[in-house]
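A.B. asks: Quick check, what structure comes out for this input:
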Amino acid sequence: MFNKKQDVKDEQELSNSSNIIGKGTVLSGDIETYGNIRIEGKIVGNMKTKSKAACGHSSHIEGNILAQNAEIAGHVTGKVEVSELLILKPSAVINGDIITNKLIVESGATFNGGCKMGVTIKEIRIGDQSEGHSPIRKAE
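C.D. replies: Predicted structure coming up:
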């Protein structure tokens, strides 16, 4: 019982962290974080966060995005799964499917793929390899 309370406290502290992949940076591999993440560079791999993912104008992501909330202004080639709110800025270009609860598409954003909204989903798990990269599923 004591360990479970400590684990919850540790996870809350981790979710307050912020990560930045700066412009001109190229990262090959998957990223998993409890905290917020801002991307201005290029990622070749999947990104997963229990918090907010912000992809700036200069961002290029070749892989799937899994986040609680996301704001995208750059280019994404892959599936975008967001448990709460996804915002596509005017400069956003998405080539892939979107699964989200709520979606805001600003004038000028480009989206090529399928979209599923209002989906009730399970919690995002960090460090859990047993479910692969798609732990978001319909609740039963």
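A.B. asks: Under the pLDDT cut-off, which ranges of the protein? List them.
C.D. replies: Residues of the chain meeting the criterion pLDDT under 70: 1-16, 120-122, 128-140.
A.B. asks: So residue 76 sits against residue 97, correct?
C.D. replies: No: using Cβ atoms under 8 Å as the test, residue 76 is too far from residue 97 to be in contact (10.8 Å). Any C-beta I mention is one placed from the backbone N, CA and C, and that applies to glycine too.
A.B. asks: Which one's more surrounded, these two?
C.D. replies: Higher neighbour count among residue 76 and residue 97: residue 76, with 28 against 16, using other Cβ atoms under 10 Å.
A.B. asks: Let me know the helix or strand that the more buried one is in.
C.D. replies: strand 75-77 (DSSP states H and E).
A.B. asks: what helices or strands is that strand leaning on?
C.D. replies: strand 60-62, strand 93-95 (3 or more Cβ pairs under 8 Å, 6 or more residues apart in numbering; DSSP states H and E).
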